[in-house]
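Pasting the sequence and the predicted coordinates here, then a few questions.
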Amino acid sequence: MNRKIKNIKLGIFLVAALIIIVPLAWFLFTRLEGEKPTIVLELPSAFISTSRDLTVSISDTKSGVRKMWISLVKDSKEITLVEEPFPSAGLFGPGEIREKTIRFSVDPRQLGLSDGKAILRMAVWDYSWRGWLNGNQTYIEKNITIDTRTPVIEIYSRAHNVRQGGAGLVIYRISEPCPKNGVYVGDQFFPGYAGLLNDQNVQVAFFALNYTQGPGTEIVVNATDRAGNNAKAGLNHYIRRKKFKKDTVNVSDKFLRRKMPEFSSDLSNDPKATLIDKFLYINRELRSVNYQKIRELCLNSDQALYWRGRFLRLPKSAPRAGFADQRTYTYKGRVIDHQVHLGVDLASTEHSPVPAANSGVVVFAEPLGIYGRTVFVDHGCGLFSMYSHLNHIGVKIGQKVAKGDILGRTGSTGLAGGDHLHFGILIHGTFVNPIEWWDAAWIKNNISSKIAGVKSRLGQE
Ligand SMILES: [Zn+2]
């Protein structure tokens, strides 16, 4: 009997102990969790100039975040930028905040910091009872560079005489690396290329005046360093105006009936569309789509000067349409459209071999809307040549070609009336007058003598 009572008492005690101990153990177990909080700093560039807003995201999924601290160490001086406590859910509870995004700014001038290397230190603690109730801690450091100085641009090349629709070259030195540097011609940007001369800070930039940019166009060298400091240097230049020809293109039904089927995949199946509706769509919309493609293609150019000397013109050919001819299109005596012809048309015998005008790399070799079968050659540093209306393409993308290598044969694919080569030269996507590039004296005066002049100035042969 006595024994039975004893067992009952023990049972009650054990049940009571379980009711208290198990939750208590569970409570202690969760409050003593060892998972560290996380810190993610968004730092697109480690270079800081004037005031810079930064974003840091912290999180702790188990106990919640307790405290955040950020400081900046420069020349053994430490400045606290952020010190922020976060609330807890009661005395023994975890934190109320699991995730938080903190925005803070670093303003070197306001903080009285000079240029140079600095360290951004960041720590976050959670509401765990680990670390003698201080919580789990995560600490990270990021090296940054304070740079408040604008780069210095020194222009090395001289005598920048440019024609409307023509090209130019400027060589300049920047005092520090600048991820974006080049020439603005009006609002058109032409990037500089480094590594062509011994001094890595010397940049070579080919630029173009498009056919609409005459005297009065601003030409400015522009450089932005890694911290975002921007410098500009006006370029001493002279712009010669050029008058472009006017031309009339008569569109016949015979031409349309022969040509429009080639564009069937570009046209809608509207049964009401007349031949002339189709032509206008191709001459306007497809032309502009094709130009967008060309601009994209010319954004990436090799950092090299593959070419040398004057560019080759299609042998034994007669010029037809010229560069920037202002074309008026007529149909049955009525004016239907206006466009500008941004290349030179050269006619030789049918299916003539087309040589590469100069050395480079083939970057495009396929049909291109109004231009028909087309080849683009990258000559480096933003300079490209274009060969259109080909009957046959004999090269592949990525193929290196030397001046005179045969790219294909002339034809009349695309919006061409008869067999001819449409030849174009582009600088970073802007069409320029090919006549300059066929002229040995122009190349010498405007390109090669400038490069040679800077080489001798740098003591480079
Ligand atoms: Zn043409």
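Looks like it arrived, so ask away.

before we move on, what SS does the residue of the stretch 301-450 of the chain found nearest the ion have?
Of all residues in the stretch 301-450 of the chain, residue 422 sits closest to the ion, at 3.4 Å by CB to the ion. Every residue, glycine included, has its C-beta placed from N, CA and C. Judged by DSSP: H, G, I helix; E, B strand; the rest coil, the three-state class of residue 422 is strand.

That one: neighbour count?
Residue 422: 25 surrounding residues under other CB atoms under 10 Å.

quick one: contacts for the residue lying closest to it once chain neighbours are set aside?
Of all residues not flanking residue 422 in the chain, residue 388 sits nearest, at 3.9 Å (CB to CB, 6 or more residues apart in numbering). Counting by CB atoms under 8 Å, 6 or more residues apart in numbering, residue 388 touches 343, 368, 371, 372, 373, 374, 414, 416, 421, 422, 423, 424.

same thing with residue 215?
So residue 215 contacts 164, 239, 240, 241 (CB under 8 Å, 6+ apart).

Let me have those residues in TSV, extended by distance to residue 151 and neighbour count.
Listed next are the contacts of residue 215 as TSV, based on distance: CB to CB, whole Å; neighbours: other CB atoms under 10 Å:
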residue	distance to residue 151	neighbour count
164	31	20
239	27	20
240	31	12
241	34	10
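
So which of these are in helices?
If you go by DSSP state H, the contacts of residue 215 have nothing in helices.

so which of those residues comes closest to residue 66?
Within those, the smallest distance to residue 66 is 65.7 Å, found for residue 239 (CB to CB).

Spatially, and excluding backbone neighbours, which residue is closest to that closest one.
Residue 239's closest residue in space is residue 215 (CB to CB, 6+ apart), at 4.6 Å.

Next up, phi/psi of that neighbour, please.
Per-residue torsions, residue 215: phi -50, psi 150 (degrees, to the nearest 10).

What of residue 22?
phi -60, psi -50.

what sits against it?
Residue 22 neighbours (CB under 8 Å, 6+ apart): none.

Okay, the nearest residue to residue 95 once chain neighbours are set aside and residue 148: tell me how far apart.
Using CB to CB, 6+ apart and skipping the chain neighbours, the partner closest in space to residue 95 is residue 64 (2.4 Å). As judged by CB to CB, to the nearest Å, residue 64 and residue 148 stand 39 Å apart.

list the buried ones in the lowest-mean-pLDDT helix or strand in the chain?
Between all helices and strands in the chain, the lowest mean by mean pLDDT, DSSP states H and E belongs to helix 2-31, at a mean of 81. Residues of helix 2-31 classed as buried: residue 31 (neighbour count, 16 or more other CB atoms under 10 Å).

before we move on, the earlier item: which among the contacts of residue 215 gets closest to the ion?
Among these, and counting by CB to the ion, the member closest to the ion is residue 164, at 19.6 Å.

if we can go back for a sec, which one of residue 64 and residue 148 is surrounded by more residues?
residue 64 (24 against 14).

correct me, but the more buried one touches residue 97?
Yes. With contacts counted by CB atoms under 8 Å, residue 64 reaches residue 97, the gap being 5.5 Å.

Excluding covalently adjacent residues, which one is nearest to the most centrally placed residue in the chain?
Geometric centre of the chain, nearest residue: residue 299, 7.3 Å, by CA atoms, centre = their mean. By the measure of CB to CB, 6+ apart, the closest residue to residue 299 outside its immediate chain neighbours is residue 429, 6.7 Å from it.

How many residues are close by the one you found?
19.

so what's it up against?
Listed by CB under 8 Å, 6+ apart, the contact set of residue 429 reads 294, 295, 296, 297, 298, 299.

Taking the stretch 51-200 of the chain, what residue is nearest to the ion?
Counting by CB to the ion, the stretch 51-200 of the chain gets nearest the ion through residue 165, at 15.1 Å.

what's that residue in contact with, if anything?
209, 210, 211, 242, 244, 323, 324, 432, 433.

and if we set it to 6 Å?
By CB atoms under 6 Å, 6 or more residues apart in numbering, residue 165 lies in contact with 211, 242, 324, 433.

Please apply the same query to residue 380.
By CB under 6 Å, 6+ apart, the residues touching residue 380 are 302, 304, 305, 306.

From the rest of the structure, what touches stretch 290-306?
193, 195, 359-360, 364, 368-370, 378-380, 382, 384, 426, 428-429.

Repeat that for stretch 434-446.
For stretch 434-446, the external contacting residues (CB under 6 Å, 6+ apart) are 166, 310, 311, 313, 344, 423, 425.

Please apply the same query to stretch 320-339.
Against stretch 320-339 from outside (CB under 6 Å, 6+ apart): 165, 211, 244-251, 276, 283, 340-341, 344-345, 347, 420, 433.

how long is it end to end?
Start-to-end span of stretch 320-339 (CA to CA, to the nearest Å) is 16 Å.

likewise stretch 129-139?
18 Å.

what about the residue nearest to residue 422, which helix or strand?
strand 383-393 (DSSP states H and E).

Say whether the ion is contacted by that strand.
No. If you take CB under 5 Å from the ion as the test, strand 383-393 misses the ion, and the best it gets is 6.9 Å.

now that strand, how far from the chain's geometric center?
25 Å (CA atoms, centre = their mean, to the nearest Å).

Now do the buried residues in that strand.
Neighbour-count burial for strand 383-393, counted by 16+ other CB under 10 Å, picks out 383, 384, 385, 386, 387, 388, 389, 390, 391, 393.

tell me the two of those residues that are most distant?
Most distant of these, by CB to CB, are 383 and 391, 26.0 Å apart.

strands paired with the strand holding residue 388, and their directions?
The sheet places strand 383-393 alongside strand 373-380 (antiparallel), strand 406-410 (antiparallel), strand 421-427 (antiparallel), with pairing taken from DSSP bridges.

can I get those strands in a markdown table with mean pLDDT?
A markdown table is the format used below for the strands paired with strand 383-393 (pLDDT from 0 to 100):
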| stretch | mean pLDDT |
| --- | --- |
| strand 373-380 | 98 |
| strand 406-410 | 98 |
| strand 421-427 | 98 |
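
ok so, going back, the contacts of stretch 320-339 in strands, which ones?
Among the contacts of stretch 320-339, the members falling in strands (DSSP state E) are 246, 247, 248, 249, 250, 340, 341, 344, 345, 347.
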